[in-house]
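K.L.:
predicted model, plus sequence, below.
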Amino acid sequence: MIGRVWVMTVALVLGVTVFSSCRPSPTSTPESGPEANKLQIVVSILPQKYFVERIGDRHVTVTAMVPPGAEPHTFEPKPEQLKALSQASAYMRIRIEFEEAWMNKFTAANPRMLVVDTTQGIQRIPISAKFQEQGETAHAGETLDPHIWLSPKLVKVQAQTIYQALVKLDAPHQAEYQANLQQFLTDLDQLDADIRQSLKGVKNRKFIVFHPGWGYFARDYQLEQVPIEVGGQEPSAAELAQLISQAKRENITVVFAEPQFSQRAAETIAKEIGGKVLLIDPLAQDWMKNMQKVASTFANIMSQRVK
Ligand code: ZN
């Protein structure tokens with residue numbers, strides 16, 4: 001009995017010794033092994049978290065700055081989120097509004113953090129024709145459409161950038177990242193083909209949407225978005241009336257709205273034209289599943305109203 005207690009004590013002491021010798025900081029996470037070696041990656045929005053996880057898989061832990069349900073364009077990071085950055089290997093930016101004001105603070109919180117611009121290689125387009133027509137030139141630099149995560153074609157470009165960054169940070173797992181990238185690119189091609197197929201027979205390709213987040217999606221699939229809100233503003237009564245008459249004239253009966261934004265104007269228009277409001281989420285974390293759902297929503301609704 002005494003022998004057994006002795007063996008257990010030795011094992012315990014040895015265990016503690018081994019544990020503390022490979023963990024210089026006893027205050028850090030108690031996990032060891034592969035878990036402790038994961039790359040900590042910070043991104044701005046949830047769809048990016050999906051992209052990085054598809055390529056980094058078991059070698060990454062990804063945190064999004066904008067939490068579920070929050071409106072990303074007016075989001076402001078909280079002070080405790082700066083603390084989380086001190087553990088990060090990389091920040092993958094997508095040039096959404098808050099990054100411009102905060103990136104200096106982010107890099108000051110962790111100067112060793114690699115900052116990766118995932119918009120590289122992507123030509124961004126102006127946010128909407130209506131915005132341009134109104135002569136809104138005061139924020140010339142901010143008129144480019146940030147919603148590049150809603151185009152499978154542009155996500156392929158972002159995936160390549162993410163892959164290159166992960167290889168830079170963790171060369172030993174390059175082969176694995178490359179295999180994951182290939183699979184992701186194949187899935188993106190399949191999604192693109194599926195969306196094309198499901199929208200094939202749709203004749204009236206205009207849709208009203210509260211927030212103009214679908215510019216690249218519309219461009220890729222020959223659709224046309226008519227935004228209600230532009231530049232973060234609810235429409236005036238006159239603008240609302242104009243939209244309603246346009247919808248009636250062009251036989252548009254469906255208004256898309258997004259859960260992150262006010263649905264009041266969308267509901268007013270839908271009521272006036274005898275149509276309905278459909279919620280589509282541009283920021284869901286399960287990006288692939290959400291895009292498939294969005295595509296079938298578009299296809300169902302838009303083909304129904306061809307009368
Ligand atoms: Zn948006």
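P.N.:
On my side now, so go ahead.
K.L.:
could you use CA atoms for every contact and neighbour count after this?
P.N.:
Will do.
K.L.:
quick one: secondary structure of the residue positioned nearest the centre of the chain?
P.N.:
Centroid-nearest residue in the chain: residue 47, 2.9 Å away (criterion: CA atoms, centre = their mean). For residue 47, the secondary-structure state derived from DSSP: H, G, I helix; E, B strand; the rest coil is helix.
K.L.:
same question, residue 226
P.N.:
strand.
K.L.:
pairing partners for it in the sheet, please.
P.N.:
Beta-bridge pairing of residue 226 under DSSP bridges involves residue 208.
K.L.:
surely it meets residue 211?
P.N.:
No: using CA atoms under 8 Å, residue 226 is not in contact with residue 211; the gap is 9.3 Å.
K.L.:
break down the stretch 1-150 of the chain into its helices, ranges please.
P.N.:
For the stretch 1-150 of the chain, applying DSSP state H, counting those that start in this stretch gives helices covering 2-21, 46-56, 79-85, 97-109, 129-133.
K.L.:
which residues touch whichever helix or strand comes after the shortest one?
P.N.:
When you say that, I think you mean helix 129-133. The first helix or strand that comes after helix 129-133 along the chain, using DSSP states H and E, is helix 152-169. Residues external to helix 152-169 that are found in contact with it (CA atoms under 8 Å, 6 or more residues apart in numbering): 51-52, 55-56, 89, 92, 116, 118-122, 148-149, 173-174, 177-178, 181, 185, 188-189, 191-192, 220.
K.L.:
and the angle from helix 152-169 to helix 46-56?
P.N.:
60 degrees (axes from the mean of the first three to the mean of the last three CA atoms, to 10 degrees).
K.L.:
just give the closest residue to residue 244, not the sequence neighbours.
P.N.:
Distance criterion CA to CA, 6 or more residues apart in numbering; nearest residue to residue 244, sequence neighbours excluded, is residue 269 at 5.8 Å.
K.L.:
what sits up against the helix or strand that contains residue 243?
P.N.:
Element membership for residue 243 (DSSP H and E) is helix 237-249. Helix 237-249 is contacted from outside by 208, 228, 253, 265, 269, 272-273, using CA under 8 Å, 6+ apart.
K.L.:
count of residues packed around residue 107?
P.N.:
18 (other CA atoms under 10 Å).
K.L.:
so what's it closest to, chain neighbours aside?
P.N.:
residue 113 (6.8 Å).
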